[in-house]
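>>> what's the 3D shape of this:
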Amino acid sequence: LEGPNRAAKAVEDFVVAVLVLAVSAPVMLLIALAVKLTSQGAVLYRQERVTWNGERFAMFKFRTMPENAEDSTGPVWAQEGEQRATPFGAFLRRTSLDELPQFINVLRGEMSIVGPRPERPEFVDRFKREIPGYMQKHLMKAGITGWAQVNDLRGNTSIRERVQYDLYYIENWSVWF
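Numbers count the residues shown, from 1 in each chain. Prediction:
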């Protein structure tokens, strides 16, 4: 994205993020309260992710797992059927409500609303060796959602297939797409 296209996407991201945060503020407040009442620890979880040009940033989510869940294991790729989430956290993940704080990342200019989903640095290091063209997905800001997710490729699905969808989106981006 260059010139007018880059500006159009930035304006679109900002306006939509402000509107979504304004409308969802009461829901986010209730979620924050529920997270606090159902488990110990912080309400928001910050996780280092990789975005455009390999830049790292702290991505916000509502906390869905017990605090310090990966202290003994280190970063773990989510597996189907795993049960690390708290009961309320599992609900947040199923409904994707845990992602709402990422609109703050959009306002901060770290993410876009639509773009390739960001991964943790540990997984980026692995995938760039295993998947041809993987690093090309970093030619655009990471998104809250992406073309792969719209096509039901999320969670524990093929990372190779997701990258193909991400690259298709990057090559065919438009305000309407």
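
>>> What separation is there between the closest residue to Pro87 other than its chain neighbours and Arg84?
Leaving aside its sequence neighbours, Pro87 sits nearest to Thr38 (C-beta to C-beta, 6 or more residues apart in numbering; 7.0 Å). Yep, even glycine has a C-beta here, placed from its N, CA and C like the rest. Thr38 sits 15 Å away from Arg84, going by C-beta to C-beta, to the nearest Å.

>>> Please say which of these two ends up with more neighbours.
Higher neighbour count among Thr38 and Arg84: Arg84, with 15 against 12, using other C-beta atoms under 10 Å.

>>> Got phi/psi on Glu48?
With angles defined as degrees, to the nearest 10, Glu48 sits at phi -70, psi 130.

>>> so what's it bridging to?
According to DSSP bridges, the residues that bridge with Glu48 are Ala58.

>>> buried residues in the longest helix along the chain?
Counting residues, the longest helix found in the chain (DSSP state H) is helix 3-38. Under the neighbour-count criterion of 16 or more other C-beta atoms under 10 Å, helix 3-38 has 9, 13, 16-17, 20-21, 28, 31-32, 34-35 buried.

>>> ok, of these, which one's closest to Ala142?
Of all these, Asp13 has the smallest distance to Ala142: 11.7 Å, by C-beta to C-beta.

>>> Quick check: pLDDT value at that closest one.
The per-residue pLDDT reported for Asp13 equals 95.

>>> for it, what are its contacts?
With contact set as C-beta atoms under 8 Å, 6 or more residues apart in numbering, Asp13 has these partners: 106, 112-113.

>>> quick one on the thing from earlier: isn't the residue nearest to Pro87 right up against Phe91?
No - in this structure Thr38 lies outside contact range of Phe91 using C-beta atoms under 8 Å: 9.8 Å.

>>> Tell me how many other residues crowd Asn68.
By other C-beta under 10 Å, 8 other residues sit near Asn68.

>>> and it, what element?
Following DSSP states H and E, there is no helix or strand that holds Asn68.

>>> tell me the contacts of it?
Asn68 touches Gly41, counting by C-beta under 8 Å, 6+ apart.

>>> distance of it from Arg84?
As for Asn68, its distance to Arg84 is 12 Å (criterion: C-beta to C-beta).

>>> so what's the residue nearest the centre of the chain closest to, chain neighbours aside?
Closest to where the C-alpha atoms of the chain average out (C-alpha atoms, centre = their mean) is Ile144, at 4.6 Å. Of all residues not flanking Ile144 in the chain, Gln102 sits nearest, at 4.7 Å (C-beta to C-beta, 6+ apart).
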